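Chemist: model this:
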Amino acid sequence: MLFNIGPKISFIFKMGFEPKEEDFYELTEEQYVKFKAQGEEITTKWYLLLPKDYPVQGNEVITVNANDKENLLKAAIKIESYCKGEHKVFKNYEEKLYYAATLMPEVFSQGTKFQESHLKIIK
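Modeler: Coordinates of the predicted model:
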């Protein structure tokens, strides 16, 4: 399972937002035509990922196929499962990511602001 969602967990840490079902919008027919013209092979549905609480940089958008969408949602559930164990209360998703980074293998949050050193000095 982690083989499929591991890269998506890392993506969530990199981007810093929680992907939710309502953040995905299937491409319009016009967008599919443009996508195909750029050389993309269309064998499945494609979505724009437009989270309400994440600012879009310029005219950049995140596009994912149906499989990526499913794995991003599963990755968010996996991160959530790490946060439920202690019955902690978090003010926002960023706090959850900081907390989850302390419990999950470092590879997921490596190179992000959530990266936590897992090395401890014992005196």
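Chemist: got a pLDDT number for the residue nearest the centre of the chain?
Modeler: Taking Cα atoms, centre = their mean, the centroid of the chain lies closest to Ile12, which sits 2.8 Å from it. Note on Ile12: pLDDT of 95.
Chemist: likewise Lys45?
Modeler: pLDDT, read off for Lys45, is 95.
Chemist: make 42 the starting number, not 1.
Modeler: That works, and once the first residue is 42, the last one we named lands at Lys86.
Chemist: pretty sure it contacts Phe65?
Modeler: No - counting by Cβ atoms under 8 Å, Lys86 stays clear of Phe65, with 9.6 Å between them. Yep, even glycine has a C-beta here, placed from its N, CA and C like the rest.
Chemist: extract the C-alpha set from the worst-scoring helix or strand of the chain on mean pLDDT and format it as CSV.
Modeler: Sorting the helices and strands of the chain by mean pLDDT, DSSP states H and E puts helix 43-56 at the bottom, at a mean of 89. This file holds the C-alpha atoms of helix 43-56, laid out as CSV (Å, rounded to 0.1, in the frame of the first residue of the first chain):
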residue,chain,number,x,y,z
LEU,A,43,2.8,2.5,0.9
PHE,A,44,4.4,1.8,-2.5
ASN,A,45,1.4,3.5,-4.2
ILE,A,46,0.7,6.2,-1.6
GLY,A,47,4.2,6.9,-0.3
PRO,A,48,5.0,9.4,-3.1
LYS,A,49,1.6,11.0,-2.5
ILE,A,50,2.3,11.4,1.3
SER,A,51,5.6,13.2,0.3
PHE,A,52,3.6,15.4,-2.1
ILE,A,53,1.2,16.4,0.7
PHE,A,54,4.1,17.3,3.0
LYS,A,55,5.7,19.3,0.1
MET,A,56,2.6,21.2,-0.7
